[in-house]
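K.L.:
coords please:
(chains A, B, C and D)
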4 protein chains.
Amino acid sequence: MANSRFEYVKSFEQPDVLLPNTWIVVRIDGRGFHKLSDHYAFTKPNDRRALDLMNAAAVEVMKELPDLCIAYGVSDEFSFVFHPSCQLFERRNGKLVTTIVSTFTAHYIYKWSEYFPERPLLPPYLPSFDGRAVIYPNSRILRDYMSWRQVDCHINNLYNTTFWAMVLQGGMSNTDAEQELKGTVSADKNEILFKRFGINYNNELEIYKKGTVLYRQYELEEPKATKSPTDEDTPVVESKQSRSQQDKIRKLRRKAQVVIDHVDVIKDEFWEKRPWILSGTPGKIPA
Amino acid sequence: MANSRFEYVKSFEQPDVLLPNTWIVVRIDGRGFHKLSDHYAFTKPNDRRALDLMNAAAVEVMKELPDLCIAYGVSDEFSFVFHPSCQLFERRNGKLVTTIVSTFTAHYIYKWSEYFPERPLLPPYLPSFDGRAVIYPNSRILRDYMSWRQVDCHINNLYNTTFWAMVLQGGMSNTDAEQELKGTVSADKNEILFKRFGINYNNELEIYKKGTVLYRQYELEEPKATKSPTDEDTPVVESKQSRSQQDKIRKLRRKAQVVIDHVDVIKDEFWEKRPWILSGTPGKIPA
Amino acid sequence: MANSRFEYVKSFEQPDVLLPNTWIVVRIDGRGFHKLSDHYAFTKPNDRRALDLMNAAAVEVMKELPDLCIAYGVSDEFSFVFHPSCQLFERRNGKLVTTIVSTFTAHYIYKWSEYFPERPLLPPYLPSFDGRAVIYPNSRILRDYMSWRQVDCHINNLYNTTFWAMVLQGGMSNTDAEQELKGTVSADKNEILFKRFGINYNNELEIYKKGTVLYRQYELEEPKATKSPTDEDTPVVESKQSRSQQDKIRKLRRKAQVVIDHVDVIKDEFWEKRPWILSGTPGKIPA
Amino acid sequence: MANSRFEYVKSFEQPDVLLPNTWIVVRIDGRGFHKLSDHYAFTKPNDRRALDLMNAAAVEVMKELPDLCIAYGVSDEFSFVFHPSCQLFERRNGKLVTTIVSTFTAHYIYKWSEYFPERPLLPPYLPSFDGRAVIYPNSRILRDYMSWRQVDCHINNLYNTTFWAMVLQGGMSNTDAEQELKGTVSADKNEILFKRFGINYNNELEIYKKGTVLYRQYELEEPKATKSPTDEDTPVVESKQSRSQQDKIRKLRRKAQVVIDHVDVIKDEFWEKRPWILSGTPGKIPA
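P.N.:
Numbering: from 1, shown residues only, chains lettered A, B, ... in the order given. Predicted coordinates:
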């Protein structure tokens, strides 16, 4: 509506459209969650309520943005994945990232009291998140990204489980525990857990060991004849889908339920049974 | 801590550092606030509680980020300004924008019930915001940016005040009011307001006419001998300030009170009396 | 060597590294070649010497930069293609583009007198080129890029061949010829050529109809069992190749001869017989 | 003219417009000039013909691009400066840089035989240049950029003059000379030059000590009352100049002679006497 001699300042805005036909991953991270988790007394090494709250907020993000095809969360971080065919907000980096960060924050704050009824939020300890978008040129690399986060989850969780057993059950100081763990490999930590504390790491909860995967639920499919993952080609979207096609696909996606899962995403099986994730085509709604 | 064959995916992250020695403006906007304001029955043309809530959330952002030197809000948008000397997050675009968007959202949601006690938030109508950063090479252009937003505020508010008077007091349909206002200039709208509804636009609240300016309060200074605004030079930060210098300045800024003002930021007076805003140097704390 | 209080200005340089694991196409274009071709009296519609000079300069670029795996030229433009695994100049956009533009220009000027002995260069009519880099996320899209240029070559050449026959042989004015060709399709132009001028477009030189493809020559391979081009996956370079590996591959590439070809690059055959182009792996040097 | 199903590949081109109202510096550098200067036997420490050739090529670039307001050259590098008001090629980074790199290369190759008649160019030793654009937000920083290059010139030239005196006149090995110079300051080198070789560094040619400045010549002006350089404000171009205005200014610039100068650009005097350089407004053509 406005029109003034000052409008030239708009010319300083710079475009930030992400390369077409690439996977877009928006990863958000809790800001200062170390301090925050102390303040609200999160249990160590994992606070189930905090993880459930993260997952609940992420499910809402998935619901609001049907263009998202998968998400993966661990600790105070969550990665949201848009398909190469995604045209949401014309693929503008800033718009995609801030929308996800803000929507996630809104639901996280809104739902807090449901998960921490006895620990009301109190400024200045108000949770917030930062985020960034990264693009990946094909589905092989997208899967490697997912694997990277899940390996990270495993390594951190094994470390934290051992560390906090040594401190909380073993009565060691933080520094002593840290010192002893320096240079140890997985097998060492498994042994410490088992020998000293009778903990079989394999029996830990899947949500702690594997993190959380969110995706839309369609009928699982039989994995096809052995097809190496490197054969998967990111589908080429040669021309922009029409707006009506996009809207139709969005509707089909909204119909699917968003499931919360704690499974291996490194091996092929997960992806072969759920081909709709990499293909970007909605699957068959289960009866 | 982690280390795996998947870590190469980190190499796909691209740097987004903003040009040194430029003003950074992060503007955030409410997402879908038209629908939202209907749902929560915001009063027309301005809802004072909604504006106060925006301002309250923005004050918290200013408090958490002492690097911010001024902010300007109107309707469901807010612009936050970092000084050219700002080194926060190494001036990374994504980090600055998402931190502001998330912090603002968190406080907005958290404080909602204080401003709208009788209208509790209810998903899916959860407020959220998107945002973007724009850089401006000198203080003359930064001031033009601020002027642009304030002129926009004026034009929109005069239009909305007239429109809603015609609809709510004059009993016109939205379409008829819109039709009649098409092509009118300011004088026409002022006349409609005065002649038909006895409203003197000048007597409207400053918060509606001027929007809201937030800044840190130091002792006002006497404007110096006539100095045209084009003479103001953006100070050159020739070398990065040391971390300790930056920390010291941050502390001084935290001490200052953040004030909520509704004044003209287009003319020189505002800036001349508050030279600390453009200089980036903390002023004298009032006794 | 130097060190002064002015060195801070270096901090204004911004990174421009191209996304890893993507095809890089550097396309250069003659600047003002319309005027230039008039000045040096290039023959119409195609000047064989001018094309041969373009190709000769491009061959030198291929020789100097073994990382290039294919190039395609038509008229006064040339596209140079780097493989997704390319690490040359750390994939810096500006460095890659300016190196190619400058090397090409140098050889073009240097070789001019060899191709146009009777038309010495004379400033201000000195040929120069601009250029840009574009990245493509997979080999399917890279091939579509190549096809786009070759289709463009065909359409332009058919038009120009017809237009100049009408003008030079048919004695029409430029405007009349242009007017008559407006709205015609390929079949129309073929008919004009054949009926009026006895020209069978199919018998035109391949260099005019197909443009020029440059690549390194290894032993041709038998196309494998029908494999649709969409199956081709851009190889994933999971970790940066070691410098010694890269150097070894460069040496192998330098050994191969750069050939000048005028063939169809749209169909699969070209690529299936020369798998080293898309794979990025040097082939077998012919005996 | 063309239109095909492959045209979607154009959507992968990304915009690279430089921030408005900032100084643009395009710096080009000789590629592999160390080797090249050996091959063509450039004299040490400075080869006058090589510098004159650099300057001659740069003058041609200045003439072809009237938007350039100043250039500075030293050794095998040249910096070309566009004014903040420059709209050439819509300020597209790639277009500006490649045009300068290619035009410079073309003239350098073309003029070679004029400056090195006895040393004809011979591939693969064909000179080429790479380049990059950097933007600076105000004239203070632009001047610091120029100062940076000139200080660099001084430091390198003093070192090289001393080093080559020790080697060529003093009969030292390169390694010994390098070793002895390690850790020396300017005074030490001046003393070595004077005491051992009777060379007064002050008497060296200005082109070696100061490098080369190119600018358009208008009537020199009297420096105004002491005005510190920090007071200079980059003029704000609030709205894009009309095309006709730009064309008019270009014509006026083309009329001015491009001069080759070897003077101090660090102190204020140079800039105060030639205000047209920083203002971007053509001055008065000398009678």
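
K.L.:
so how far is the strand or helix carrying residue A:69 off the chain centroid?
P.N.:
Per DSSP states H and E, residue A:69 falls inside strand A:68-74. Here strand A:68-74 is found 4 Å from its chain centre; the criterion is C-alpha atoms, centre = their mean, to the nearest Å.

K.L.:
following it, which helix or strand comes up?
P.N.:
Downstream of strand A:68-74, the first helix or strand assigned by DSSP H and E is strand A:77-82.

K.L.:
list the contacts for whatever residue of the stretch 51-200 of chain A ends up closest to chain B?
P.N.:
Distances between the stretch 51-200 of chain A and chain B by C-beta to the nearest C-beta are smallest at residue A:148, namely 3.6 Å. Heads up, the C-betas are built off the backbone N, CA and C, glycines and all. Taking C-beta atoms under 8 Å, 6 or more residues apart in numbering or on different chains as the contact definition, residue A:148 lies against B:4, B:6, B:7, B:9, B:10.

K.L.:
again, but for residue A:261
P.N.:
Residues near residue A:261 by C-beta under 8 Å, 6+ apart: A:212, A:213, A:214, A:215.

K.L.:
Next one: the residue lying closest to residue A:275 once chain neighbours are set aside from chain D, what distance?
P.N.:
The spatial neighbour of residue A:275 that comes closest, neighbours along the chain excluded (C-beta to C-beta, 6 or more residues apart in numbering or on different chains), is residue A:221 at 5.7 Å. Counting by C-beta to the nearest C-beta, to the nearest Å, the separation of residue A:221 from chain D is 30 Å.

K.L.:
any idea which helix or strand carries residue A:221?
P.N.:
According to DSSP H and E, residue A:221 maps onto no helix or strand at all.

K.L.:
now it: how far from residue A:271?
P.N.:
11 Å (C-beta to C-beta, to the nearest Å).

K.L.:
Nearest to chain C: which residue in the stretch 101-250 of chain A?
P.N.:
Closest residue of the stretch 101-250 of chain A to chain C, C-beta to the nearest C-beta: residue A:137 (3.7 Å).

K.L.:
Please report how far that residue lies from residue C:80.
P.N.:
20 Å.

K.L.:
same thing with residue A:111?
P.N.:
The gap separating residue A:111 from residue C:80 is 54 Å, by C-beta to C-beta.

K.L.:
In terms of neighbours, single out the busier of those two.
P.N.:
It is residue C:80, of residue A:111 and residue C:80, that has more neighbours when counted by other C-beta atoms under 10 Å in any protein chain shown, with 29 against 17.

K.L.:
Just the buried positions in the lowest-mean-pLDDT helix or strand in chain A, please.
P.N.:
The weakest-scoring helix or strand in chain A, judged by mean pLDDT, DSSP states H and E, is helix A:243-255 (a mean of 86). Across helix A:243-255, burial judged by 16 or more other C-beta atoms under 10 Å in any protein chain shown covers A:246, A:249, A:252, A:253.

K.L.:
okay, the residues you listed in TSV with distance to chain D next?
P.N.:
Below are these laid out as TSV (distance: C-beta to the nearest C-beta, whole Å):
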residue	distance to chain D
A:246	16
A:249	19
A:252	24
A:253	24
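
K.L.:
Out of those residues, which is nearest to residue D:207?
P.N.:
residue A:246 (63.3 Å; C-beta to C-beta).

K.L.:
that older thread, show me which of the contacts of residue A:261 are buried.
P.N.:
Using 16+ other C-beta under 10 Å, the buried members of the contacts of residue A:261 are A:212, A:213, A:214, A:215.

K.L.:
now residue A:39: how far from chain C?
P.N.:
37 Å.

K.L.:
can you tell me which residues contact the nearest residue to that residue once chain neighbours are set aside?
P.N.:
The shortest distance from residue A:39 to any non-neighbouring residue, by C-beta to C-beta, 6+ apart, is to residue A:125 (4.8 Å). Applying C-beta under 8 Å, 6+ apart to residue A:125 gives the contacts A:35, A:36, A:39, A:40.

K.L.:
number of nearby residues for the closest residue to residue A:166 other than its chain neighbours?
P.N.:
Taking C-beta to C-beta, 6+ apart, and ignoring the residues beside it in sequence, residue A:166 has residue A:177 as its nearest neighbour in space, at 4.1 Å. Counted with other C-beta under 10 Å, residues neighbouring residue A:177 total 20.
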